[in-house]
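**Q** Next input, structure requested:
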Amino acid sequence: MALLSFQIIIIFWLLKYVCLYDSYSGDISPYVKTRVNNIDSRVQVVSNHDAAERTKSAYLGASFKKLPQHCLKVQCSYTCFNGRQKEIVSDIQYAISISNHSESCDVIDELRLYNYEFINATVGIGFLSTFGDKVKDIYIAISNVTAIENGAFGEGIFNKIILEDLRLKDITNGIFRNISEDLKGIYITQREEPVQCIYPSFLDSVKFQIEHLVIRVGLECVRNVTAHDPVMGLLAFVDFSYNNFSSQLLEDTFSKLTMVERFVLSNSNIMYLPQYIFQGMEYLEYLDISHNKLKTISSSIFGSRTIAQNVRIIANDNVWHCDCTLQYEMNTIFCIIKTTNVLLVSRGFQELLGI
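**A** Numbering: from 1, shown residues only. Just a heads-up that it's a prediction; the model follows:
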């Protein structure tokens, strides 16, 4: 039994940090990642109840006598695989029953639901039943979910809500209705099936409390997320990478993001940055505009103010049209020689600038 418990713990941590955290960038955010290929095959070994009595996982490099139930528990965190919404409570209760009873948890620090089947493909009100007010961080990934009922996360104590690779068609105004003041981070990643619509006031319920926002869903226009009153005064980290902005960005698109310190816009098909688009971001420390389709750039993107000397700017892998005009603008914006700003560009452009 001791050996089995030890092996389960090893499997859990391998799954958590290898399968689900493979590509996190610690320099930016603990929830910014690139999806792992073939992740289903990596977790199948711990969820296939029809497997043989003794199973060996080539990927995990471990063998065990009997496969665990849907949920694995380590301390006060649970990772659950391949179940159904109506079984969430029983899966958690079973994991509690076979764990060390000395580890009593009144609150679940983290609940991960991987490949769970939800009724009517919808995350509905009360989907966690008796655990609805006992979960701090909720993670729902690679499930059949196409919709989230208004108020589905209400009455809880969620600190972070992470939704990854679902099948959401839209994100409605009331998705965070009745949410508690505990919520500080929203992370939505959906690259295989782009979200078709995000309603204009979708952040209204959390506009005075949200600190981290990740929207990576193939979105074509982000104005309906950031361009409504009032200013989001606590929002310090924003990741809008892996969207499809093209030439849709306007001067006031990010005008409400006045407190942002880290801003990621990479891999979003951006063709043009209009004047003054970053002018209100006086606390900006990190800006990533890499892996887009920018040909040129102007110092007017920051308005009339001089950008701070300690800002780190990533601008590599664009389609820069390297000429004297761009060279002048780049030197004006980044002061490459005179300040500590960091600019990453293509090798050909480095040669043009003599760096």
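
**Q** beta partners for the nearest residue to residue 202 once chain neighbours are set aside?
**A** The shortest distance from residue 202 to any non-neighbouring residue, by C-beta to C-beta, 6 or more residues apart in numbering, is to residue 171 (5.3 Å). The way it works is simple: take the backbone N, C-alpha and C, and place the C-beta from them, glycine included. Beta-bridge pairing for residue 171 (DSSP bridges): residue 198.

**Q** Could you verify my assumption that residue 171 touches residue 201?
**A** No - if you go by C-beta atoms under 8 Å, residue 171 and residue 201 don't touch, sitting 10.9 Å apart.

**Q** circling back to that earlier point, what about the residue nearest to residue 202, neighbour count?
**A** Residue 171 has 25 neighbouring residues, counting by other C-beta atoms under 10 Å.

**Q** Straight-line length of stretch 265-281, end to end?
**A** Stretch 265-281 has an end-to-end distance of 14 Å (criterion: C-alpha to C-alpha, to the nearest Å).

**Q** what comes into contact with the host helix or strand of residue 287?
**A** Using DSSP states H and E, residue 287 sits within strand 286-288. For strand 286-288, the external contacting residues (C-beta atoms under 8 Å, 6 or more residues apart in numbering) are 28, 241, 261-266, 278, 311-314.

**Q** ok, 6 Å please
**A** With contact meaning C-beta atoms under 6 Å, 6 or more residues apart in numbering, strand 286-288 is reached by 262, 263, 264, 266, 312, 313, 314.

**Q** Could you export those to JSON lines, including columns for secondary structure and neighbour count?
**A** Converted to JSON lines, the contacts of strand 286-288 look like this (DSSP: H, G, I helix; E, B strand; the rest coil; neighbours: other C-beta atoms under 10 Å):
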{"residue": "262", "secondary structure": "strand", "neighbour count": "20"}
{"residue": "263", "secondary structure": "strand", "neighbour count": "21"}
{"residue": "264", "secondary structure": "strand", "neighbour count": "24"}
{"residue": "266", "secondary structure": "coil", "neighbour count": "20"}
{"residue": "312", "secondary structure": "strand", "neighbour count": "16"}
{"residue": "313", "secondary structure": "strand", "neighbour count": "18"}
{"residue": "314", "secondary structure": "strand", "neighbour count": "18"}
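
**Q** Can you show me the helices along the stretch 151-300 of the chain?
**A** 223-226 (DSSP state H, counting those that start in this stretch).

**Q** Sketch out the low-pLDDT regions of it for me.
**A** 223-231 (pLDDT under 70).

**Q** what do you get if the cut-off is 50, keeping everything else the same?
**A** Across the stretch 151-300 of the chain, nothing is flagged by pLDDT under 50.

**Q** coming back round to it: pick out the most distant pair among the contacts of strand 286-288.
**A** 266 and 312 (13.2 Å; C-beta to C-beta).

**Q** And stretch 123-133, end to end?
**A** Note: stretch 123-133 ends 16 Å apart using C-alpha to C-alpha.

**Q** how many other residues sit next to the closest residue in space to residue 298 that isn't next to it in sequence?
**A** Leaving aside its chain neighbours, residue 298 sits nearest to residue 329 (5.5 Å; criterion: C-beta to C-beta, 6+ apart). Counted with other C-beta under 10 Å, residues neighbouring residue 329 total 16.

**Q** in which helix or strand would I find residue 329?
**A** Using DSSP H and E, residue 329 falls in helix 324-334.

**Q** what about that helix, average pLDDT?
**A** The pLDDT scores in helix 324-334 average 70.
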